[in-house]
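Engineer: Turn this into a model:
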Amino acid sequence: MSSSPIIMWFRRDLRLSDHPALTAACQTGRPVIPVVIRDASVDDLGAAPKWRWGLGVDHLGQSLSAAGSRLTYRSGPALDVLKALIAETGAGAVYWSRLYDPQAVARDTEVKAALKEQGIDARSFGGHLMFEPWTTETKTGGFYKVYTPFWKSVKDRTVDAPLPAPGKVPAPQSWPATDDLADWSLGAAMNRGAAIVRPYVRLGESAAQDRLGAFIASRVATYDAGRDIPAEDRTSNLSENLALGEISPHQCWHAAIRALEEGKPGAETYLKELVWREFAYHLMHHTPRILDANWKPDWDAFPWNTDDTTPEVQAWKMGRTGIRFVDASMREMYVTGRMHNRGRMIVASYLTKHLLTHWRIGQKWFDDCLIDWDPAANAMGWQWSAGSGPDATPYFRVFNPVTQLDKFDKNRDYVTRWIAEGRSNKHADALSYFEAIPQAWGLSPDAPYPDPIVAADQGRKIALSAYENRDF
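Structural biologist: Here you go, the predicted structure:
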């Protein structure tokens with residue numbers, strides 16, 4: 001066993017640097033067999049996340065080749081695949097990085113128990129989070145349900161320093177058979193949208209590190225105010241890379257700490273945003289119902305619209321609500337695969353409050369459309385906006401998308417970039433929206449821009465009226 005290979009099972013940790021599981025495997029001096037598995041967790045992904053994951057693992061394969069290794073692709077239930085690989089290669093260990101959603105936890109628990117019973121050294125490592133959810137609790141015991149105390153409890157804790165990438169990944173004498181990644185057709189559901197979104201993808205850990213470096217050098221100092229301006233490139237843009245583990249939160253944290261020490265005040269706000277991500281995972285671990293049910297059970301009786309085929313919901317999905325901030329944000333998502341955070345709050349508030357539509361409808365749509373999809377962050381964001389989640393925006397706070405536009409897009413640079421209708425000089429990105437969306441929608445940039453399906457002031461009245469009889 002001391003010289004038997006170690007199977008390194010990659011999932012959402014598509015990097016070589018600051019990778020505790022990979023580092024531990026390489027430090028043994030034993031051969032390492034990297035593998036990715038297309039199981040139900042991959043097949044269940046929405047169109048954009050599945051496509052983006054496929055790009056990520058392909059790029060990881062190239063990085064491993066440069067390190068003297070290669071990536072093996074296999075399909076099927078994870079336990080069956082791993083047992084087959086162990087039989088084929090004589091591997092004595094399987095290492096992986098922990099995930100925290102209920103589906104992954106159940107799978108990994110079964111895999112670890114079964115492999116250990118077989119005499120295999122099955123180990124899980126951290127790396128996706130800075131603070132494991134079971135290591136953070138209130139002074140009276142239990143988990144944090146409010147963000148600010150959570151932040152205060154972790155902000156001064158030691159965060160492990162990032163690990164360097166191994167110079168070389170030890171190779172086995174022979175490699176197991178592998179699927180052809182192209183045969184998995186992971187981008188099939190993207191249809192023609194893939195060609196539109198692809199130029200906006202920043203693929204792999206090298207690109208992620210470049211993004212982080214540029215952000216720290218030129219934008220983090222003013223991040224506190226700049227992050228709310230959707231027309232300007234003022235954020236880190238690292239959401240897609242963090243979601244797939246092409247960069248670690250530890251790497252981002254230490255870069256921001258250095259920036260703060262150098263006198264860049266916006267770095268503290270960025271640190272808080274990293275901890276907000278941790279908080280979402282903390283809550284998903286302790287209360288997995290946050291993914292598919294109202295975190296606050298008293299919202300179960302609220303008369304949400306649950307029909308995603310209504311004309312209003314369809315207009316929201318198409319970016320044709322007649323509310324420019326909402327529509328511009330939705331169109332940004334179809335062209336780039338991501339959406340500015342201020343826009344996410346606006347479109348979520350409009351759907352759940354102006355249209356009184358269940359947050360699950362919006363969450364599922366984002367599950368399908370975002371290349372930076374993250375199970376904890378997406379669920380947390382939607383429940384926060386709807387008012388049904390932990391530490392949520394108060395139910396009586398209804399974002400006015402018109403005044404929000406006046407505040408954060410005064411010159412209308414953002415809406416001009418993304419909305420073509422009614423303009424003689426149409427922005428190229430606004431036109432790209434019509435190339436990305438399904439042809440079945442039958443939309444044209446020369447059509448008139450629609451009137452609001454629900455006006456901003458009217459929607460607030462509708463929402464507050466619906467809330468009046470609720471005992472929150």
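
Engineer: now the helices for the stretch 251-400 of the chain?
Structural biologist: 266-286, 311-318, 324-336, 341-349, 359-369, 375-386 (DSSP state H, counting those that start in this stretch).

Engineer: Output those in JSON lines; the columns should cover mean neighbour count.
Structural biologist: Using the backbone N, CA and C atoms, a C-beta is placed for each residue, glycine as well. Formatted as JSON lines, the helices of the stretch 251-400 of the chain follow (neighbours: other CB atoms under 10 Å):
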{"stretch": "helix 266-286", "mean neighbour count": "21"}
{"stretch": "helix 311-318", "mean neighbour count": "18"}
{"stretch": "helix 324-336", "mean neighbour count": "25"}
{"stretch": "helix 341-349", "mean neighbour count": "23"}
{"stretch": "helix 359-369", "mean neighbour count": "21"}
{"stretch": "helix 375-386", "mean neighbour count": "25"}
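
Engineer: Any stretches of the stretch 251-400 of the chain with poor pLDDT?
Structural biologist: Judged by pLDDT under 70, the stretch 251-400 of the chain has its weakly predicted residues at 392-395.

Engineer: returning to that earlier point: right, and the helices of the stretch 251-400 of the chain - which one's nearest residue 459?
Structural biologist: helix 341-349 (9.2 Å; CB to CB).

Engineer: so what secondary structure elements neighbour that closest one?
Structural biologist: helix 324-336, helix 359-369, helix 375-386, helix 401-408 (3 or more CB pairs under 8 Å, 6 or more residues apart in numbering; DSSP states H and E).

Engineer: Give me the pLDDT for the residue nearest to residue 90 when sequence neighbours are not counted.
Structural biologist: Leaving aside its sequence neighbours, residue 90 sits nearest to residue 4 (CB to CB, 6 or more residues apart in numbering; 5.4 Å). For residue 4, the model assigns a pLDDT of 96.

Engineer: For residue 4, give me its contacts.
Structural biologist: Listed by CB atoms under 8 Å, 6 or more residues apart in numbering, the contact set of residue 4 reads 30, 31, 90, 91, 92, 93.

Engineer: how about the strands in this structure?
Structural biologist: 6-10, 32-38, 72-75, 93-97, 121-125 (DSSP state E).

Engineer: for those, which one sits closest to residue 386?
Structural biologist: Nearest to residue 386, of all these, is strand 93-97, at 31.2 Å by CB to CB.

Engineer: and that closest one with strand 6-10, angle?
Structural biologist: On the basis of axes from the mean of the first three to the mean of the last three CA atoms, to 10 degrees, strand 93-97 is oriented at 20 degrees to strand 6-10.

Engineer: Need the contact partners of strand 93-97.
Structural biologist: With CB under 8 Å, 6+ apart as the criterion, strand 93-97 contacts 4-13, 19-22, 24-25, 30, 82, 86, 108, 111, 115, 120-128, 245.

Engineer: Show me which of those are buried.
Structural biologist: 4-13, 19-22, 24-25, 30, 82, 86, 108, 111, 115, 120, 122-128, 245 (16 or more other CB atoms under 10 Å).

Engineer: from the residues you listed, which ones fall inside helices?
Structural biologist: 20, 21, 22, 24, 25, 82, 86, 108, 111, 115 (DSSP state H).

Engineer: can you name the two of the residues you listed that are farthest apart?
Structural biologist: The largest separation in these, counting by CB to CB, is between 20 and 86 at 21.9 Å.

Engineer: How many residues are close by residue 113?
Structural biologist: 12 (other CB atoms under 10 Å).

Engineer: Contacts only, for residue 358.
Structural biologist: With CB under 8 Å, 6+ apart, residue 358 has these contacts: 304, 305, 306, 352.

Engineer: And it, its phi and psi?
Structural biologist: phi -60, psi 140 (degrees, to the nearest 10).

Engineer: And it, how close does it get to residue 205?
Structural biologist: 37 Å (CB to CB, to the nearest Å).

Engineer: same deal with residue 371?
Structural biologist: 16 Å.

Engineer: domain assignment for the chain?
Structural biologist: Using automatic domain parsing, the domain ranges for the chain come out as 1-126, 129-161+191-286, 297-468.

Engineer: for the last one, how far is the first residue from the last?
Structural biologist: Same thing as domain 297-468. 18 Å (CA to CA, to the nearest Å).

Engineer: which one is residue 44 nearest to, not counting chain neighbours?
Structural biologist: Closest residue to residue 44 apart from its sequence neighbours, by CB to CB, 6+ apart: residue 103 at 7.7 Å.

Engineer: wait, the one you found sits on residue 43?
Structural biologist: No: in this structure, residue 103 is not within contact of residue 43 by CB atoms under 8 Å, at 11.5 Å.
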